[in-house]
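**Q** quick one, structure for this:
(2 chains)
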Amino acid sequence: MGAFILRRMLQSVIVILGVIVITFIISRVLGDPVVLLLPPEASPEQRAYLTKDLGLDRPMYIQLAVYVGKVIRGDFGMSFRHEEPAMKLLLERVPASLYLSLVATFFSVCIALPLGIISAIKRGTIFDRIGMTLALLGQSIPAFWAGIMMILLFAVQLGWFPPSGYGGLSYVFLPALTLAFFFTAATARLTRSSILDVLDMDYVRYARLKGVPERTVILRHVLRNSFITILNIVALQLGLLLGGAVITEFIFSWPGIGRLSLDAIYNRDYPVIQATVVVAAAFFVVINLLVDIIYSATDPRVSRR
Amino acid sequence: MDKGLNKPGNAISQQENVPLTLSEERSLKVRKVFRRIPKTAGVIILLLLLCAIFSPWIAPHDPIKQSLVDALKPPCWQQGGSSKYILGTDNLGRDILSRIVYGARVSTIVGFAAVFLSGLLGTFLGIIAGYFGGKIDAVIMRFTDMMLSLPYILIAIAIIGAIGPSLTNLIIVLGITQWVGYTRIVRFEAMSLSKSEFIEMAVISGCKWWRILLVHILPNVLNTAVVLASLDVGKMIIFEAAMSFLGLGVKPPTPSWGGMLADGRVYLTFAWWIATFPGIAICITVLGGNLLGDWLRDELDPRHQLKA
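**A** Below you'll find the predicted structure:
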């Protein structure tokens, strides 16, 4: 198990380094920072000075090495737009994003898990059909449109919730539901199929043959064994949070990382874009690593693969 | 929905038959597939294609003709609506129904082209990784891990923001950010195929590697790729709408469903119909794609057949 975890950690480090290199390449391909930072009427001397100051006159591989070295220490440079370090801007947005994601995850888990579990256990019955039809519909509705429609219904027509802004539970309700929309349907379907896998197992059949009450079979044998797979599914969906958050935060004017990154892209504020991409990727990689560690700790078969 | 129809019967009858060659079996399957396309999905996709191809004849009005006198007219069944504009007009007096009909073009083109591009790229990398294994496999797999961990919406937005929004750029960006799923699954299949006897025979008889990949491995992983692709069409259409919604898709005034949603969002408080109807169009289209994809998966993917 130790060797497995070590290997996975090494892989994760490689992936994060790769992502850092990719952000470097993307930012270099996308445009010359000197052109962006200086007004068009700047003199050639000023341009040359800034080029030297930013280290852009040095060979590409040295620039890359310097960049990677700084990023590892959390230094993405100053934001082009605001006179502050990009990392600081990002960290300021973390609480709002965390708040939104946690509530969204809570909604998603509360809807998706019961739906998936009941559909699987009652396979072929009316519950299964209703559950899976709901999931199919959910997968076919664009989450951002669902968000707009919820604003229309609950904020404009009924006036139950504020249409946008940052604040307490009444403010977070609609954005969180919208964000949850991005992955609830997929989670429900994956949960159902993972439980169906376990239901086919010999030990479940054996338990039933032995005369164990169905309730106990489900609770002790089926749910317990599919729990880790379900945890894995939920964790993987967490990685999609930021992508969904970009549009959700745009619709609801939510001051999170998604909104920050979208503004940064519109303003061509590369340090901020790089910071959000690298941090989001690192977050995703770390969550996956944690899930794999939990996985291998609870199921010895995993690390032998 | 008639998925799940006589599935066990199928499996048994195929076992009892004289063993068919791979290509015979495939053509038999293809024929069966076309005969049993689920009605709902078939109708929706047919409708979408009709709208996209024959939009000038179907749409009652010119989708980009503005008429400020008729701006913000509600749909015909509401007070103030006229039968001239069945689903109402937007803030510039353009007919919503006509714009939805024309918008089917963008969705269809982007949906299919992006899926084709990403499927091609992903399948190609997948068979290479699976067949060669070793270092090549490790490099490709780490690369897919990276792509998977990148927040692809951000990457897509950043690239479009730099190279400029257009239909072609959107297709390219969607294509190069969405191939990972194909690679991971195709690699797995190619890996087990490469250990099978007929591949060994091909190697022994001096078959070149590219021939093995294209003639022996590719046809055998195509089923899987097609299933994934069909499930992806809906996702791509939603993605296109999201990008157009953020102003990074096709340029206005070309009608696209996502762009219409963005217009409608601004006027949400007093003109609900602008954002509502294009959204419904997206939902129905994506539902059609998902139904077709689910059913194709049940038909073509033997692993799911056993489970269902």
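
**Q** name the helices or strands packed onto the one helix or strand residue A:178 maps to?
**A** Here residue A:178 is covered by helix A:169-199, with elements defined by DSSP states H and E. Secondary-structure packing of helix A:169-199 (3 or more CB pairs under 8 Å, 6 or more residues apart in numbering or on different chains; DSSP states H and E): helix A:86-121, helix A:126-140, helix A:143-150, helix A:224-238, helix A:241-252, helix B:302-307. (Glycine included, C-beta is placed from N, CA and C.)

**Q** the stretch 101-250 of chain B against chain A: which residues are in contact?
**A** Proximity of the stretch 101-250 of chain B to chain A, by CB under 8 Å from any CB of the partner chain, involves residues B:142-143, B:145-146, B:148-155, B:157-159, B:161-162, B:234, B:238, B:241-242, B:245-246.

**Q** just the buried ones from these, in PyMOL syntax?
**A** Those of these that count as buried under 16 or more other CB atoms under 10 Å in any protein chain shown are selected in PyMOL with:
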select buried, chain B and resi 143+145+146+148+149+150+151+152+153+154+155+157+158+159+161+162+234+238+241+242+245+246
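
**Q** about what we covered before: so how far is the helix or strand that comes right after the helix holding residue A:178 from its chain's centroid?
**A** Downstream of helix A:169-199, the next assigned helix or strand under DSSP H and E is helix A:202-209. Distance of helix A:202-209 from the chain centroid (CA atoms, centre = their mean, to the nearest Å) equals 38 Å.

**Q** can you give me the buried ones in helix A:202-209?
**A** Buried residues in helix A:202-209 (16+ other CB under 10 Å): A:204, A:207.

**Q** and it, C-alpha only, in PDB?
**A** Once non-C-alpha atoms are left out, helix A:202-209 reads as follows in PDB (Å, rounded to 0.1, in the frame of the first residue of the first chain):
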ATOM      1  CA  ASP A 202     -21.600 -13.300  -5.000                       C
ATOM      2  CA  TYR A 203     -21.500 -12.200  -1.400                       C
ATOM      3  CA  VAL A 204     -24.800 -10.400  -1.800                       C
ATOM      4  CA  ARG A 205     -26.400 -13.400  -3.300                       C
ATOM      5  CA  TYR A 206     -24.900 -15.600  -0.600                       C
ATOM      6  CA  ALA A 207     -26.200 -13.300   2.100                       C
ATOM      7  CA  ARG A 208     -29.700 -13.500   0.600                       C
ATOM      8  CA  LEU A 209     -29.500 -17.300   0.300                       C
END
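
**Q** who's in contact with it?
**A** A:198, A:214, A:216, A:217, A:221, A:222 (CB atoms under 8 Å, 6 or more residues apart in numbering or on different chains).

**Q** now residue A:254: which helix or strand?
**A** Here residue A:254 is assigned to no helix or strand, by DSSP H and E.

**Q** ok, it to chain B distance?
**A** For residue A:254, the distance to chain B equals 15 Å [CB to the nearest CB, to the nearest Å].

**Q** from what I can see that residue touches residue A:248, true?
**A** Yes: taking contacts as CB atoms under 8 Å, residue A:254 lies within contact range of residue A:248: 6.8 Å.

**Q** so for those two, which residues contact both of them?
**A** Counting by CB under 8 Å, 6+ apart, the residues touching both residue A:254 and residue A:248 are A:100, A:175.

**Q** is chain B contacted by the one helix or strand residue A:16 maps to?
**A** Assigned by DSSP H and E, residue A:16 falls within helix A:2-30. Yes: shown here: helix A:2-30 in contact with chain B (CB under 8 Å from any CB) through A:11, A:14, A:15, A:16, A:18, A:19, A:22, A:26, A:29, A:30.

**Q** which of those are buried?
**A** Buried among the residues of helix A:2-30 next to chain B by 16+ other CB under 10 Å: A:11, A:15, A:16, A:18, A:19, A:22, A:26, A:30.

**Q** lowest-confidence member of those, which is it?
**A** Ranked by pLDDT, these bottom out at residue A:30 (67).

**Q** just give the nearest non-adjacent residue to residue A:122, would you?
**A** residue A:128 (5.4 Å; CB to CB, 6 or more residues apart in numbering or on different chains).

**Q** how far away is residue B:145 from residue A:36?
**A** 31 Å (CB to CB, to the nearest Å).

**Q** likewise for residue A:267?
**A** 9 Å.

**Q** and the two? Which one has more around it.
**A** Between residue A:267 and residue A:36, counted using other CB atoms under 10 Å in any protein chain shown, residue A:267 has the larger neighbour count: 16 against 13.

**Q** tell me the contacts of the more buried one?
**A** Residue A:267 neighbours (CB under 8 Å, 6+ apart): A:80, A:81.

**Q** mind listing what's buried in the helix or strand encompassing residue B:108?
**A** Assigned by DSSP H and E, residue B:108 belongs to helix B:96-132. Judged by neighbour count (16+ other CB under 10 Å), helix B:96-132 contains these buried residues: B:96-115, B:117-119, B:121-132.

**Q** residue numbers of the stretch 101-250 of chain A in contact with chain B?
**A** A:136-137, A:139-142, A:144-145, A:148-149, A:151-152, A:156, A:193, A:196-197, A:200, A:239, A:242-244, A:246-247, A:250.

**Q** roughly how far apart are residue A:247 and residue A:63?
**A** 33 Å.

**Q** so which of these two has more stuff around it?
**A** Using other CB under 10 Å as the criterion, residue A:247 and residue A:63 rank with residue A:247 on top: 25 against 16.

**Q** which residue, neighbours along the chain excluded, lies closest to that one?
**A** residue A:144 (4.6 Å).

**Q** neighbours of the one you found, how many?
**A** 27.

**Q** phi and psi next, for residue B:89.
**A** Main-chain dihedrals, residue B:89, degrees, to the nearest 10: phi -130, psi 160.

**Q** how about stretch A:249-267: buried residues?
**A** Those would be A:249-252, A:254-262, A:264-265, A:267, for stretch A:249-267 by 16+ other CB under 10 Å.

**Q** could I have the CA atoms of that stretch written out in CSV?
**A** Output in CSV follows, covering the C-alpha atoms of stretch A:249-267 (Å, rounded to 0.1, in the frame of the first residue of the first chain):
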residue,chain,number,x,y,z
GLU,A,249,-21.0,33.2,-10.3
PHE,A,250,-21.4,35.2,-13.5
ILE,A,251,-25.2,34.8,-13.5
PHE,A,252,-25.7,35.6,-9.8
SER,A,253,-22.9,38.2,-9.4
TRP,A,254,-21.3,36.0,-6.8
PRO,A,255,-17.8,37.3,-5.7
GLY,A,256,-15.9,33.9,-6.0
ILE,A,257,-13.0,32.5,-7.8
GLY,A,258,-15.0,31.8,-10.9
ARG,A,259,-16.0,35.4,-11.3
LEU,A,260,-12.5,36.5,-10.6
SER,A,261,-11.1,34.3,-13.3
LEU,A,262,-13.8,35.3,-15.8
ASP,A,263,-13.0,39.0,-15.2
ALA,A,264,-9.3,38.2,-15.5
ILE,A,265,-9.8,36.6,-18.9
TYR,A,266,-11.8,39.5,-20.1
ASN,A,267,-9.1,41.9,-18.9
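
**Q** average pLDDT across that stretch?
**A** 88.

**Q** how about stretch B:139-159?
**A** Mean predicted confidence for stretch B:139-159 is 84.

**Q** just how off-centre is it within its chain?
**A** The answer for stretch B:139-159 is 19 Å, by CA atoms, centre = their mean.

**Q** and the helix holding residue A:178, how far out from the chain middle?
**A** Distance, centroid of helix A:169-199 to centroid of chain: 13 Å (CA atoms, centre = their mean).

**Q** in the helix or strand residue B:297 falls within, what counts as buried?
**A** In this assignment (DSSP H and E), residue B:297 forms part of helix B:272-300. Going by neighbour count (16+ other CB under 10 Å), the buried part of helix B:272-300 is B:272-279, B:281-283, B:285-300.
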